[in-house]
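K.L.:
what would the 3D arrangement of this be:
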Amino acid sequence: MLKKIILTFFVAIMLLVPFSSAFAAATVGQELKTPEAGWKRYESNDQKVLQSGTWTLVSNANHSNGAYLWSSSAGSSLSFKFYGSKMRLITAMATDRNTLAQVTVDGTVYSYSEYKNTVQYQTLVFELAGLSTGPHTVKISAVGLTSLDAIDIDDTGYLIDSNISAPTNLSAIGENGKIDLRWTAVTGATSYVVKRSTSSGGPYDILATNITSAVYTDSGVTNGVTYYYVVTAMDADSESINSNEASATPLPPLKPTLDVSIVDEKVKVGQEFTANIALKNVNNSTFAGRNYSLDLA
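P.N.:
Numbers count the residues shown, from 1 in each chain. Below is the predicted model of the structure:
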């Protein structure tokens, strides 16, 4: 009986270990051929990754998407902007690589190593998480032999095209069962993406894409709930950073009320009097096409 219990316990542990490790997050120095859940990948030769100085694109099936960038030219750099809250750098590690590679994120300089005593492709060499959700600027400086396979960021984030501006002057007006949005059109934009949240600052869900005018009406709202919006501009294959945030609360129409205020302090029965009469909670369309009479008898 004791042997059976020990054997059962051992088998349970063996089954538990691979199950647990399968869901463990990758760590720096680990091979990472595909982005993990919650991440998305951009290749090093993406047009939104800007090259400065001398960089060489090498085709090699062992690297992410079959290619990588490298440089050993002092002063060379790769730079990009992304919207999100976390970032990873993916590249190969080898004996000829640098132990003090350098990346600058939002003005803060970090060091990382690409050195390993054996070749390991598509390796997670740098990770920075816990950033505020929003736009961030990254610069990878060539120090010795420096390379880049790919960039991983939030799966809800994106690389920013520096050539297209964000929409400005976004405004939101709440009405009964809908919210009307307007913003200033962006030169060069082919369409817009409208994003919405029920929390100020997001995270935002994509509400509508391929909007070709600088106006949008959100009819999928609930009266009494406040909604927060941002809009991004799109060109052929790139997306701007978010616009300013605008919010509104749709409300049901108020019932019209008649406010009567008698000016005279005392009025006798049958005596004429002066009164101020105001009709409240109406707009130009409330009584359109209707006739009403007022009877004070």
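
K.L.:
so where do the helices sit in this structure?
P.N.:
For the chain, the helices identified by DSSP state H occupy 2-22, in order along the chain.

K.L.:
so where's it uncertain?
P.N.:
Judged by pLDDT under 70, the chain has its weakly predicted residues at 1-23, 237, 255, 262-268, 270-271, 273, 275, 279-297.

K.L.:
ok, now with 50
P.N.:
2, 5-7, 9-22, 285-290 (pLDDT under 50).

K.L.:
residue nearest the middle of it, spatially speaking?
P.N.:
Gly157 (4.9 Å; C-alpha atoms, centre = their mean).

K.L.:
so who does Leu170 touch?
P.N.:
Under the criterion of C-beta atoms under 8 Å, 6 or more residues apart in numbering, the neighbours of Leu170 are 181-183, 229-231, 243-246. In short, each C-beta sits where N, CA and C put it, glycine included.

K.L.:
now the buried members of those residues.
P.N.:
Using 16 or more other C-beta atoms under 10 Å as the burial test, the contacts of Leu170 include 181-183, 229-231, 243, 245-246 as buried.

K.L.:
so the residue nearest to the centre of the chain makes contact with Lys81?
P.N.:
No. Assessed by C-beta atoms under 8 Å, Gly157 is found out of contact with Lys81, at 10.8 Å.

K.L.:
roughly how far apart are Ser219 and Ala142?
P.N.:
Computed with C-beta to C-beta, to the nearest Å, the distance linking Ser219 and Ala142 is 52 Å.

K.L.:
of those two, which one has the most company?
P.N.:
Ala142 (24 against 9; other C-beta atoms under 10 Å).

K.L.:
mind listing what that one touches?
P.N.:
The neighbours of Ala142, taking C-beta under 8 Å, 6+ apart as the test, are 53, 71-77.

K.L.:
of those, which pair is most distant in space?
P.N.:
Greatest spatial distance among the contacts of Ala142 (C-beta to C-beta): Ser72 and Ser77, at 12.8 Å.

K.L.:
and of the contacts of Leu170, the nearest to Asn210?
P.N.:
Taking C-beta to C-beta as the measure, Asn210 lies nearest Val231 of those, at 12.8 Å.

K.L.:
residues in contact with the closest one?
P.N.:
Applying C-beta under 8 Å, 6+ apart, the residues contacting Val231 are 167, 170, 181, 183, 192-195, 216, 242-243.

K.L.:
between the residues you listed, which is closest to Gln102?
P.N.:
Ranking these by separation from Gln102, with C-beta to C-beta as the measure, puts Asn242 on top at 29.0 Å.

K.L.:
beta partners for the residue nearest to the closest one when sequence neighbours are not counted?
P.N.:
Counting by C-beta to C-beta, 6 or more residues apart in numbering, Asn242 lies nearest to Val230, which is 4.0 Å off, once chain neighbours are set aside. Val230 forms beta bridges with Lys195, as assigned by DSSP bridges.

K.L.:
pretty sure Val230 is touching Ser247, no?
P.N.:
No. Checked against C-beta under 8 Å, the pair Val230 and Ser247 is beyond contact range at 10.3 Å.

K.L.:
next, the contact list for the spatially closest residue to Ala94 that is not a sequence neighbour, please.
P.N.:
Closest residue to Ala94 apart from its sequence neighbours, by C-beta to C-beta, 6+ apart: Val119 at 4.8 Å. Contacts were defined as C-beta under 8 Å, 6+ apart; by that measure Val119 touches 92-95.

K.L.:
quick one: which of those is most hemmed in?
P.N.:
When these are compared by neighbour count (other C-beta under 10 Å), Ala92 ends up highest, at 23 neighbours.

K.L.:
isn't that one right next to Gln122, touching?
P.N.:
Yes. In this structure Ala92 lies within contact range of Gln122 using C-beta under 8 Å: 7.0 Å.

K.L.:
shared neighbours, these two?
P.N.:
Shared contacts of Ala92 and Gln122, defined by C-beta under 8 Å, 6+ apart, comprise 62-63, 149.

K.L.:
can you redo those residues as a markdown table with distance to Glu31?
P.N.:
Output for the shared contacts of Ala92 and Gln122, formatted as a markdown table (distance: C-beta to C-beta, whole Å):
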| residue | distance to Glu31 |
| --- | --- |
| Asn62 | 11 |
| His63 | 12 |
| Asp149 | 11 |
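
K.L.:
which among these count as buried?
P.N.:
If you count burial by 16+ other C-beta under 10 Å, the buried members of the shared contacts of Ala92 and Gln122 come out as 63, 149.

K.L.:
which of the shared contacts of Ala92 and Gln122 lies closest to Ala24?
P.N.:
The shortest distance between Ala24 and any of the shared contacts of Ala92 and Gln122, using C-beta to C-beta, involves Asp149 and amounts to 21.8 Å.
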